[in-house]
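Novice: test case, fold it:
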Amino acid sequence: QVQLVESGGGLVQAGGSLRLSCVLSGRTFSTFSIAWFRQAPGNEREFVAAISRSGETPNYADPVKGRFTISRVNAENTVYLQMNSLKPADTAVYSCAARAGLMGTSRLAYDYWGQGTQVTVSS
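Specialist: Model (predicted):
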């Protein structure tokens, strides 16, 4: 059974930084593409960033390009999301998701989900 556990969320002022972590267990980590999604109250879940199994081809949503960096350490079964220059509009529950195969940007492409971690950015 694949399990994903996120951590690293919290409250930060605008302009600050946070680093989220996503740990996968239960299967071979290197066979999964991993993505981060976020959902703000009243909004649909939206794609933030994704990383391929090799880690060589990250993909970002336009609102976070140049501010967020996704990376993975296969030896640690962990994907990180470094978030810099945070804005109040980044406030949401951030969830990581995994799929065995090529990465995608649609939430429908992912089979396994974590519970999420709250990120709140104050102005």
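
Novice: read off the pLDDT value for the residue positioned nearest the centre of the chain.
Specialist: Nearest residue to the geometric centre of the chain (CA atoms, centre = their mean): residue 36, 2.5 Å. Predicted confidence (pLDDT) for residue 36: 98.

Novice: just residue 57 next, same as before
Specialist: 84.

Novice: do residue 104 as well
Specialist: So residue 104 comes in at 93 (pLDDT).

Novice: from residue 98, how far off is it?
Specialist: 11 Å (CB to CB, to the nearest Å). (C-beta placed from N, C-alpha, C; glycine too.)

Novice: just to revisit the earlier point, where does the residue nearest to the centre of the chain fall, secondary structure wise?
Specialist: Using DSSP states H and E, residue 36 sits within strand 32-39.

Novice: on that earlier part again, show me what contacts the residue nearest to the centre of the chain?
Specialist: 20, 22, 48, 49, 50, 70, 79, 81, 94, 95, 96, 97 (CB atoms under 8 Å, 6 or more residues apart in numbering).

Novice: I figured residue 70 was touching residue 50, is that so?
Specialist: Yes - proximity of residue 70 to residue 50 meets the contact threshold set by CB atoms under 8 Å, at 7.0 Å.

Novice: which neighbours do these two have in common?
Specialist: The contact lists of residue 70 and residue 50 share 34, 36, 58, where a contact means CB under 8 Å, 6+ apart.

Novice: now do the SS call for residue 108.
Specialist: helix (DSSP: H, G, I helix; E, B strand; the rest coil).
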